[in-house]
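Colleague: okay, sequence plus prediction incoming.
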Amino acid sequence: MVRLKDIAYRAGCSVMTVSKALRDAKDISVATKARIQQMAEEMGYVPDAAAAGLRTRSTRLLGLIIPTLTNPLFARVVMAIEEWAYQHGYALLLLHSHNDPAREEQCIRRLLSRRVDGLFISPASRMETTVVIYDELLRSGPPVVILGSRAKFCAGFDCVESDDATASANVTRHLLDLGHRRIAFFAGPQVSPWANDRLAGYKKALREAKVEFDDQLIFQAGATIEEGEKVAVQFLNESTDATAIQAVNDLVAIGVGSLLLKQGLKIPQDYSVAGFGNILVSEHFRVPLTTVRQPKFRLGVAAMELMLAKLRNEKAESKRLPADLVIRQSTATPARK
């Protein structure tokens with residue numbers, strides 16, 4: 001491993017001069033800097049980031065905690081954060097909580113032990129309105145940006161989210177405009193703010209259209225393909241008179257659609273089906289899925305912009321980005337009313 005004194009010996013100068021040249025100090029001539037920097041590169045010198053962090057009180061590290069990267073929502077968000085972090089000289093440390101509050105706390109503490117300059121967190125779902133680790137972060141932690149809607153326990157932090165309530169309402173309005181009046185809603189986890197926002201949007205659109213809300217058309221569906229299939233069986237067994245199904249996300253919608261097709265039913269002739277998220281598979285499902293296009297990459301960019309503002313001690317505010325309705329073949333005018 002090449003050390004500063006190795007470069008100094010070859011350059012015929014002091015270790016202090018080498019150190020200043022590599023830090024681009026102003027009291028070293030341009031010619032001397034260029035000569036030493038080129039020599040360091042030729043010798044394969046790699047700066048000691050830990051030592052630099054002690055000197056500058058900045059590790060140039062950012063922590064990112066998400067439930068799992070296998071969730072299609074996070075792939076482009078993480079890509080955007082990592083790309084912008086790289087462009088601004090930061091490295092990203094990624095940890096998975098698996099939506100487990102205890103593991104999430106361990107992840108936060110591990111990143112704090114690495115002295116990260118900031119934290120991005122997509123919080124694990126929980127019922128509590130206060131959480132010790134989040135209270136600690138609020139009091140004395142590094143800057144934090146919440147990815148997604150905030151629950152009560154993390155309401156004190158800035159966040160970046162898509163306008164899920166409005167987007168969900170737009171899905172319901174689309175189905176209403178097609179002539180559907182009995183629209184089943186396959187809801188997500190009750191402790192998840194994003195799931196509650198989407199259910200609220202559905203209810204709002206019904207109220208605006210003066211269509212009576214019927215809680216018998218609300219099914220607790222979770223968030224996965226398997227859970228979507230399971231609740232679709234329950235839906236069919238209850239013999240509702242619904243003509244359309246609005247799912248809390250695309251994975252649930254795909255599970256529902258797969259089960260309906262296995263049962264010999266047709267989409268959209270027997271049931272219109274709509275999702276939320278516009279994950280890649282939604283466009284390539286057997287019946288391309290009407291859904292909501294979340295601005296995943298732009299959410300990641302917005303999160304990094306918010307973090308950079310915080311790191312510069314500039315005024316920073318939460319951001320809510322619009323999400324667009326994408327109409328495909330899975331929704332149509334109902335064959336029966």
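Modeller: Received the coordinates, thanks. Numbers count the residues shown, from 1 in each chain.
Colleague: pLDDT score for the residue nearest to residue 207 when sequence neighbours are not counted?
Modeller: Leaving aside its chain neighbours, residue 207 sits nearest to residue 213 (7.4 Å; criterion: Cβ to Cβ, 6 or more residues apart in numbering). C-beta: built from backbone N, CA, C; applies to glycine. You'll see residue 213 listed with a pLDDT of 95.
Colleague: list the contacts for residue 213?
Modeller: Counting by Cβ atoms under 8 Å, 6 or more residues apart in numbering, residue 213 makes contact with 203, 206, 207.
Colleague: likewise residue 123?
Modeller: Contacts here follow Cβ under 8 Å, 6+ apart; on that basis residue 123 touches 104, 134, 146, 148, 150, 151, 153, 154.
Colleague: among the residues you listed, which are in strands?
Modeller: By the criterion of DSSP state E, membership of the contacts of residue 123 in strands covers residue 146.
Colleague: measure the residue nearest to residue 207 to residue 325 for me?
Modeller: Per Cβ to Cβ, to the nearest Å, residue 213 is found 21 Å from residue 325.
Colleague: could you pull up phi and psi at residue 268?
Modeller: For residue 268, the backbone dihedrals are phi -100, psi 10 (criterion: degrees, to the nearest 10).
Colleague: next, count neighbours for it.
Modeller: 21 (other Cβ atoms under 10 Å).
Colleague: verify the contact between it and residue 332 for me.
Modeller: Yes. Assessed by Cβ atoms under 8 Å, residue 268 is found in contact with residue 332 at 4.0 Å.
Colleague: so what touches the helix or strand that contains residue 65?
Modeller: Per DSSP states H and E: residue 65 is located in strand 61-66. Residues from elsewhere that reach strand 61-66, judged by Cβ under 8 Å, 6+ apart: 74, 77-78, 81, 85, 90-97, 104, 107-108, 111, 114-122, 147, 307.
Colleague: what about that strand, distance to the chain center?
Modeller: If you compare the mean C-alpha spot of strand 61-66 with that of the full chain, they lie 12 Å apart, counting by Cα atoms, centre = their mean, to the nearest Å.
Colleague: and stretch 197-214, by the same measure?
Modeller: A distance of 26 Å separates the centroid of the chain from that of stretch 197-214, by Cα atoms, centre = their mean.
Colleague: report the buried residues of that stretch.
Modeller: Within stretch 197-214, the residues scored as buried using 16 or more other Cβ atoms under 10 Å are 197, 198, 199, 201, 202, 203, 204, 205, 206.
Colleague: cool, and stretch 289-298?
Modeller: With burial defined by 16+ other Cβ under 10 Å, the residues of stretch 289-298 counted as buried are 289, 290, 291, 292, 293, 294, 295, 296, 298.
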